[in-house]
Each structure stands twice: as structure tokens, then as C-alpha cells.
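In: here you go, sequence then predicted model.
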Amino acid sequence: MLVGQKQPGDTIRLEVMRDDKPVSVAVTLDELGGKNGSETASSEHGKGRWGLNLADLTPEARDQLQASSSVHGAIVNDVVPGSPADNAGIGRGDIIMEVDRKPMKSASDVAQALSSVPKGQDALVLVWSNGGSTFRVLHSAE
């Protein structure tokens, strides 16, 4: 609700838990659906530079995907065609469990981890799909 009262271009601070410690993260907001969307800019975790639209893994989604309770992370809602995520073979319904070998618990964890990858560097993600897990490399477009 508070984010909805802000304007595109405003910077807000989010308090997140990282390795059981609170961390303050600055996030610059973009227009919903804006072409320069950041993975951390909206509740839907907009597509950003990696081409991913992420959401939290709900119990309902877990049941629908038949993912075990040991699977944690963010569910992929959408992938931009031709994006680094698309090129890595990531698709709708996949679950991103790790980014650069760090376990993820939510869409905001994944979004923060991906947005902190330095420009020009690739990201290694562990993806659960159809009952199995594989590592994929998101090649930076920069």
C-alpha cells in the first residue's frame, strides 16, 4: 500500500532478512509494466534486466506444481522472449531455488539477489522444474 502512494523514480528503503540478519536495501520504483522494470520494483517483481516475472511460492502453487515441501524460492510467472532467462531455458512454472549458490526463500530474495549481480556478470541459478533441479546460467545482456 505504501509503495502505491509513491511515484515512479522515487527511491524507498526495504528491510529484508538475509542470512538471519536484517538488511536495508534501496529500491528505485519504476512504472508498472515499464520497459525498464526492476526485479524489485513491484509486488509482481517486474521483469527487469533478466526477463523474469516472479512471485512467492504459495502452498496452492506448490500443490499445483507438485513440488515437495523441501522446495523453496520464487515461482516464475512469466519470461520475456529473447531475455537472459528465456535463453537459459527458464519457463513459466519453474521455481528459482538458489542464486549464485545462495538459497532463496521468496520472490523478494530472488529479486534482490539478481539485482545485486554486477552489470556485465552472469548469474548462476538453481531451478526446480518438473520434479528435478538443474543449474542454469543467466548470461548478462550488458
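Out: Looks like it came in fine.
In: Arg13 touches Ser24, doesn't it?
Out: Yes: taking Cβ atoms under 8 Å as the contact criterion, Arg13 and Ser24 are neighbours in contact, 5.3 Å apart. Yep, even glycine has a C-beta here, placed from its N, CA and C like the rest.
In: buried ones in the strand or helix carrying Asp109, by neighbour count?
Out: Taking DSSP states H and E as the criterion, the element that holds Asp109 is helix 107-115. Within helix 107-115, the residues that qualify as buried are Ala107, Ser108, Asp109, Val110, Ala111, Gln112, Ala113, Leu114, Ser115, counting by 16 or more other Cβ atoms under 10 Å.
In: how distant is it from the center of its chain?
Out: Its chain's C-alpha centre and that of helix 107-115 lie 5 Å apart, by Cα atoms, centre = their mean, to the nearest Å.
In: quick one, the next helix or strand after that helix and helix 107-115 angle?
Out: Tracing the chain C-terminally past helix 107-115 and defining elements by DSSP H and E, one meets strand 123-129 next. Strand 123-129 runs at 150 degrees relative to helix 107-115, counting by axes from the mean of the first three to the mean of the last three Cα atoms, to 10 degrees.
In: sheet partners, orientation included, of the helix or strand following strand 123-129?
Out: For strand 123-129, the following helix or strand on the C-terminal side (DSSP H and E) is strand 132-138. Using DSSP bridges, the neighbouring strands of strand 132-138 in the sheet come out as strand 123-129 (antiparallel).
In: in the partner strand, what's buried?
Out: Going through strand 123-129 with 16+ other Cβ under 10 Å, the ones that come out buried are Ala123, Val125, Leu126, Val127, Trp128, Ser129.
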